[in-house]
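Q: Generate coordinates for the sequence data below:
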Amino acid sequence: MFFFDMKDGVPLRDRVGIQFNTNLEAIEHSHALAQHFRDDSLTDDQDLEISVVNALGREIHREFVHRDHADPETSK
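A: Below is the predicted model:
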């Protein structure tokens, strides 16, 4: 079971979760969620991030919705 918590300053916990067989599948799902938010809904929330948490409560990945690798702030 994996949980997809959202943060934009205030955390929003995913209490339902989704079953995936591997960490990679859960991480790929977070990419799809981020793409959905970029394209269809939360376009004005520049600090939004998705935290992928495994069943043990450990964060295994953090997906920033609006930051890309070319962001000058992250390449310093």
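
Q: residues contacting the most centrally placed residue in the chain?
A: Closest residue to the average C-alpha location of the chain: residue 50 at 2.0 Å, with Cα atoms, centre = their mean. Counting by Cβ atoms under 8 Å, 6 or more residues apart in numbering, residue 50 makes contact with 4, 5, 6, 7, 30, 33, 34, 62, 63, 65. C-beta: built from backbone N, CA, C; applies to glycine.

Q: Send me the helix or strand hosting the first one as PDB with only the CA atoms.
A: If I follow you right, that is residue 4. Applying DSSP states H and E as the criterion places residue 4 in strand 2-7. Output of strand 2-7 as PDB, limited to C-alpha atoms (Å, rounded to 0.1, in the frame of the first residue of the first chain):
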ATOM      1  CA  PHE A   2       1.300   3.500  -0.900                       C
ATOM      2  CA  PHE A   3       0.000   6.900   0.100                       C
ATOM      3  CA  PHE A   4       0.200  10.100  -1.900                       C
ATOM      4  CA  ASP A   5       0.300  13.000   0.600                       C
ATOM      5  CA  MET A   6       0.100  16.500  -0.800                       C
ATOM      6  CA  LYS A   7       1.900  19.500   0.500                       C
END
